[in-house]
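after the sequence you'll find the predicted model.
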Amino acid sequence: MRKMLPIKMLIGAGICLMASFGNLSAQWTHAAIDGGYIRTMINSGDTLYAVTQLYGNGLFFSTDVGTTWNEILSESLPTSKRVIAKFGSSLFLGCGSVREAEGIYRSDDNGVTWVKKNSNPMWVTCFAQHGSTIFAGTGEGLLRSTDNGETWKYIYNGLAESKPHIYSLLVTESGIFTCIGNNYGIYRSTDNGNTWVQTSTGMQIDYYEGRYYYPTVTALSYIGDAIYAGCDESGIFKSTNGGDNWSLTSEGTYDYYSIQSIVGKDSLLYAATIYNGVIRSTDAGNNWTEVNGNGIDIWLESNALVMHNNDVLVGTKGGIYKSADHGINWTKSDSGIRGFWSSYPPVITLDSDLYAGTMTGGIYKSSDNGTSWAPANEGFPVNDVNMLRYLSANATTLFAKSISSYYSTISTDGGNSWHETVQDSIFPWIDHKGKLYTYGPNSGVYRSDDDGITWTLIENSQYFYLSLHSDGETLFLGTYLGYFYSTDNGTTWQQSNVEGVTGYICAYQFISTPTAKIMSLEYAGRRGIFRSTDNGANWVQTSNVLVTELVNDGSNLYANATERQIVNGQEVEVRSIYQSKNDGVTWKNISGSLGNNIAWWGICAIDGKIFVPLNSYPDYGLYCSSDNGATWKEISLGMIPGNQVFNLSAVDNYIYAGTGNGLYRRDLAELYPPSQTSTIAGKTDPCIKSTQTYTVEPVNGISYEWQIPSDWAILSGQTTNTITVMVGSGSGYVSVIPSNEFGTGPTQIVAVAPNGNAPAKPDAITGSVTPTANTTENYSVTSVAGITYEWSLPGDWTMVSGNGTHEITVTVGNLSGDITCTPLSDCGPGEAQTLAVAVKPLGIGQQSSQKDITIYPNPVTDEVTIDIKNLGKNVVTQIIDIRGNLIRQSKGQSSDGHYFESFDLSNYARGVYYIHVWSNQKSYIEKIVIQ
């Protein structure tokens with residue numbers, strides 16, 4: 001069984017939190033659940049843009065035709081995005097909702113910064129561009145801008161209303177078209193919006209009191225030589241004469257409700273519908289068929305269509321799907337989009353697997369501790385109009401329930417398949433001593449002995465049933481007539497005595513501690529926290545607050561509740577967080593600096609910490625206290641700005657946050673003071689005045705405070721896991737203290753003693769002292785840690801490899817000379833080591849045949865003379881025996897290029913020798929014989 005950490009919450013209560021955006025490494029990250037509710041999409045050149053989430057809080061772009069998507073994140077990005085457009089180099093967002101951002105926003109830097117460009121509150125519904133003029137449809141009229149959206153003015157000359165609801169806009173060569181509300185139909189302007197004329201002939205659906213009524217056109221598109229108008233509930237119309245006349249494309253389109261978008265090429269058309277997914281016509285609209293079957297798993301609420309060359313993409317409530325074969329087959333195409341609204345709670349466990357519910361995309365399963373996720377929707381009603389609200393599990397079964405209770409679905413095979421249950425019951429079913437229990441509000445209490453296959457009615461004496469809980473030993477039942485408990489698995493029930501309350505008891509929140517039972521009452525004027533120490537026989541009220549959540553963390557209990565207070569002379573409910581440290585006997589308000597903008601749902605507690613979300617638009621925020629509310633720290637980093645989050649779950653080493661724009665998770669270790677860092681890596685005997693680095697292993701969310709000896713200097717990296725320093729002469733310690741928003745960790749140190757000495761002279765160079773010309777040789781010295789080696793060679797030799805190391809490979813030239821090896825360190829160069837080398841020729845064939853050199857006598861018995869012309873200034877002469885040994889070497893200078901020298905060879909053994917003479921780049925080798 002996977003470990004669920006002791007984070008306490010009740011499924012019956014909603015759970016909220018909020019996040020803010022930041023750039024530190026310790027932060028929330030999106031769980032890898034691709035897809036989400038797609039509100040709108042556009043195609044601009046080679047870039048696609050998608051607005052996601054039910055309330056438009058997400059914004060993504062793709063540069064590979066939807067294969068992968070990246071999120072646009074900005075502190076100034078507005079919420080409640082409804083439409084997006086790109087005109088020239090500017091992006092425009094149209095926003096609007098009941099409580100959040102409204103109006104038009106523009107970005108001139110590809111979404112990095114956004115600026116609001118209108119002053120009046122409005123809901124923006126659509127955009128269009130005609131030349132350099134931009135039009136924006138709103139819920140309160142049509143706007144026009146002639147300065148790239150800098151200023152806007154309402155235009156309505158000729159429209160049936162001065163500020164009508166604008167449903168759609170289209171620009172063609174025939175003019176500008178818009179559809180307005182209240183069944184006034186389509187209007188056209190041929191003078192850039194100055195005047196408008198109704199142009200809906202052929203579209204009328206009714207006539208009453210001298211007025212024709214026209215359908216609400218929710219989608220306008222110009223394809224081929226025709227204009228297409230998709231209606232809210234009146235089919236798809238077509239005009240082939242610039243909007244003068246309209247005709248219904250097909251009576252079959254009456255079956256498709258709420259056309260959201262139409263795209264196409266020539267006679268191939270696609271339309272996105274709310275309830276029927278994608279429909280297609282291959283004959284310019286004469287006939288339409290649904291094309292959802294091959295790959296569009298979630299086709300309900302198809303809100304957007306775009307085409308890119310021959311590819312078509314549709315955005316639905318479950319994500320984005322792409323077809324490359326004219327709609328015959330579809331594949332999921334939303335990798336990187338995180339746009340699902342999480343259900344309650346965000347993550348649950350069954351055996352070793354994790355499950356996450358989404359309101360519009362069904363259920364996802366992870367078998368690797370949340371690293372990867374896959375849909376688990378076989379048999380699940382993902383195309384039902386009702387959104388998934390609750391997901392829960394007992395020891396064997398997964399439970400899913402819709403937001404309006406229209407479906408209750410279970411899985412008994414780990415989410416591999418789902419089926420609806422016909423049991424009249426409240427979810428989740430309760431595990432109690434190996435049996436399942438549930439109740440129907442009007443039918444009674446049921447028990448199952450076979451994991452929910454069959455049920456037995458065990459209690460139906462009450463008029464109305466309101467709550468059912470178990471503490472593992474006793475069942476507790478709230479009813480219209482009072483509160484009851486059973487100690488024999490529901491066979492018999494005893495009525496509890498609840499202080500001050502006689503009937504209609506709904507124990508909406510229930511907690512069992514080792515010494516008491518705690519419940520809160522709600523509905524029908526009931527309120528307060530009640531406590532029982534005799535297994536439910538008697539309940540005493542310990543607080544009069546109205547509770548939405550009760551959670552516990554060991555001996556600490558917490559309540560998210562409101563208290564009646566007098567504010568400005570009026571009695572109001574003020575929301576606060578309450579704590580009990582004595583098992584529910586007394587309660588203390590610990591909200592402190594949080595204020596009263598606390599979310600109704602979402603608190604949780606774990607390991608001495610209490611987490612509380614705020615619901616104050618636009619910043620929201622998630623806060624944590626580890627000192628019983630004395631101080632509160634915001635921990636929202638990593639979440640989208642303005643993205644309200646609704647619930648929390650803790651599993652193994654992660655805490656999960658369910659938001660309106662995807663599932664987030666964070667390592668729980670980041671929410672505690674850090675541990676001591678790893679050992680500090682770096683030189684303990686650095687050279688004085690050298691530049692050094694010291695480092696520890698990085699940990700997410702940790703800031704590092706470094707200290708060094710007093711005459712050292714930190715050049716860069718303070719607060720990071722690696723610093724660069726200038727070393728002084730003083731000894732001491734390099735130390736580092738890790739810290740995060742929850743405190744500091746133990747200090748890590750390393751002793752350092754600077755070294756002012758240059759490196760020692762290397763030992764003798766090993767390698768041949770008489771190498772053969774034009775061969776490859778190796779030379780080396782003993783390696784010393786921290787030392788590099790610079791080598792130099794005779795003039796015409798070639799370095800093959802190894803310079804900077806203790807061993808080199810060279811190609812031998814014809815010139816003899818010295819090989820030197822100089823040791824280098826941060827403290828500077830040391831004394832060089834030298835090896836004299838005498839190059840021997842490859843053979844007789846290498847003897848000089850030039851006439852510039854004369855050697856006489858040859859053979860020789862005592863003295864030999866060398867006479868050479870055309871030499872450089874400095875001359876080296878060597879005599880080498882037949883084995884390659886250097887016998888004699890001398891250095892001299894030529895006179896105007898002429899060099900003359902005599903040698904006494906009378907003391908040398910008889911035999912063959914070579915005379916090697918070189919100057920600058922000239923080299924001569926001649927054989928002589930001593931007799």
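Received the coordinates, thanks. Everything quoted here is computed from the prediction, not taken from an experiment.

show me what the host helix or strand of residue 144 is packed up against.
Take DSSP states H and E as the rule and residue 144 turns out to sit in strand 141-145. For strand 141-145, the elements it packs on are strand 133-138, strand 153-154, judged by 3 or more C-beta pairs under 8 Å, 6 or more residues apart in numbering; DSSP states H and E. C-beta: built from backbone N, CA, C; applies to glycine.

and that strand, which strands flank it?
Sheet pairing for strand 141-145, assigned by DSSP bridges, gives strand 133-138 (antiparallel), strand 153-154 (antiparallel).

how much space is there between the nearest residue to residue 698 once chain neighbours are set aside and residue 680?
If the residues on either side of it in the chain are set aside, residue 698 comes closest to residue 721, at 4.3 Å by C-beta to C-beta, 6 or more residues apart in numbering. According to C-beta to C-beta, to the nearest Å, residue 721 and residue 680 sit 10 Å apart.

who touches both of the two?
Shared contacts of residue 721 and residue 680, defined by C-beta atoms under 8 Å, 6 or more residues apart in numbering, are found at 695, 696.

tell me how far stretch 579-590 is from the chain's mean position?
Centroid separation for stretch 579-590 versus its chain: 39 Å, with C-alpha atoms, centre = their mean, to the nearest Å.

swap in stretch 359-366?
On C-alpha atoms, centre = their mean, the centre of stretch 359-366 falls 18 Å from the chain's centre.

elements contacting the helix or strand containing residue 269?
Using DSSP H and E, residue 269 maps to strand 268-273. Helices and strands touching strand 268-273, by 3+ C-beta pairs under 8 Å, 6+ apart, are strand 217-223, strand 259-265, strand 277-281, strand 304-308, strand 311-316.

so how far is whichever helix or strand comes after the first one off the chain centroid?
On the C-terminal side of strand 217-223, the closest following helix or strand by DSSP H and E is strand 226-231. Taking the mean C-alpha point of strand 226-231 and that of its whole chain, the gap between them comes to 39 Å (C-alpha atoms, centre = their mean).

other SSEs contacting strand 226-231?
On a contact count with 3+ C-beta pairs under 8 Å, 6+ apart, strand 226-231 meets strand 217-223, strand 236-239, strand 259-265.

correct me if wrong: residue 350 contacts residue 391.
No: contact criterion C-beta atoms under 8 Å: residue 350 and residue 391 do not qualify, at 10.5 Å.

CA atoms only: put the strand or helix carrying residue 834 into PDB for me.
According to DSSP H and E, residue 834 maps onto strand 833-837. As requested, the backbone C-alpha atoms of strand 833-837 are provided in PDB (Å, rounded to 0.1, in the frame of the first residue of the first chain):
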ATOM      1  CA  GLN A 833      63.800  20.300 -16.500                       C
ATOM      2  CA  THR A 834      66.000  19.800 -19.700                       C
ATOM      3  CA  LEU A 835      66.900  16.800 -21.800                       C
ATOM      4  CA  ALA A 836      69.500  17.100 -24.600                       C
ATOM      5  CA  VAL A 837      68.700  15.100 -27.700                       C
END
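
tell me the buried residues in the next helix or strand after it?
Remark: after strand 833-837, the chain's next helix or strand is strand 853-856, criterion DSSP H and E. Neighbour counts over strand 853-856 (16 or more other C-beta atoms under 10 Å) mark 853, 855 as buried.

one more: stretch 438-446?
Applying 16+ other C-beta under 10 Å to stretch 438-446 flags 438, 439, 444, 445, 446 as buried.

out of the helices and strands packed on strand 268-273, which comes closest to residue 369?
Of all these, strand 311-316 sits nearest to residue 369, with 29.5 Å by C-beta to C-beta.

report the rounded mean pLDDT for whichever helix or strand comes after that closest one.
Sequence order places strand 319-323 as the next helix or strand after strand 311-316, per DSSP H and E. Per-residue pLDDT over strand 319-323 has a mean of 98.

from the contact counts, what lies against strand 319-323?
When contacts are defined as 3+ C-beta pairs under 8 Å, 6+ apart, strand 319-323 packs onto strand 35-36, strand 38-44, strand 311-316, strand 331-332.

so residue 157 touches residue 191, yeah?
No: at 9.6 Å, residue 157 does not count as touching residue 191 under the criterion of C-beta under 8 Å.

re the thing from before, what helices and strands are in contact with the strand holding residue 834?
strand 817-825.

buried residues, the strand it packs on. List them.
By 16+ other C-beta under 10 Å, the buried positions in strand 817-825 come out as 817, 819, 821, 822, 823, 825.

among those residues, list the two that are farthest apart in space.
The distance between the two most remote of the buried residues of strand 817-825 (C-beta to C-beta) is 26.6 Å, for 817 and 825.

just say which of the helices and strands packed on strand 141-145 is most tucked in.
The highest mean neighbour count among those, using mean count of other C-beta atoms under 10 Å, belongs to strand 133-138: a mean of 24.

now find how far off-centre that strand is within its chain.
Strand 133-138 sits 34 Å away from the centroid of its parent chain (C-alpha atoms, centre = their mean).

check stretch 85-105 too.
24 Å.

what does the domain assignment say about this structure?
Taking automatic domain parsing as the reference, the chain has its domains at 31-259, 340-671, 691-752, 776-837, 851-930.

how about the ones you listed, which one is nearest residue 281?
The nearest among these, by C-beta to C-beta, is domain 31-259 at 7.3 Å.

and the closest one, what's its mean pLDDT?
94.

ok, stretch 530-550 next?
On average, stretch 530-550 scores 96.

buried stuff in it?
Going by neighbour count (16+ other C-beta under 10 Å), the buried part of stretch 530-550 is 530-533, 535-536, 539-540, 542-543, 545-550.

ok, back up a step: now, which of the buried residues of stretch 438-446 sits nearest residue 687?
residue 438 (76.6 Å).

secondary structure class for that closest one?
Here residue 438 is recorded as strand under DSSP: H, G, I helix; E, B strand; the rest coil.

mind checking how far the spatially closest residue to it that is not a sequence neighbour is from residue 126?
Excluding the flanking residues, the one nearest residue 438 by C-beta to C-beta, 6+ apart is residue 425, at 3.7 Å. Here residue 425 is placed at a distance of 45 Å from residue 126 (C-beta to C-beta).

now do residue 603
According to C-beta to C-beta, residue 603 and residue 126 sit 41 Å apart.

with residue 514 instead?
61 Å.

how many residues are close by residue 143?
Using other C-beta atoms under 10 Å, residue 143 is surrounded by 25 other residues.

follow-up on the earlier one: which one of the buried residues of stretch 530-550 is nearest to residue 226?
Of all the buried residues of stretch 530-550, the one sitting nearest residue 226 is residue 548; the distance, using C-beta to C-beta, is 55.4 Å.

other SSEs contacting the helix or strand the closest one falls within?
Assessed by DSSP H and E, residue 548 sits inside strand 546-553. Packing contacts for strand 546-553, counted by 3+ C-beta pairs under 8 Å, 6+ apart, involve strand 507-512, strand 517-521, strand 556-567, strand 604-606.

neighbouring contacts of the strand holding residue 144?
Defining contact as C-beta under 8 Å, 6+ apart, one finds that strand 141-145 is touched by 104, 117-118, 133-137, 151-156, 159, 162-164, 166, 178, 180, 193.

where do the helices sit along the chain?
Counting by DSSP state H, no segments of the chain form helices.

point out where it drops to low pLDDT.
The chain contains residues with pLDDT under 70 at 1-26, 98-101, 404-407, 422-423, 427, 618, 841-851, 884, 921.
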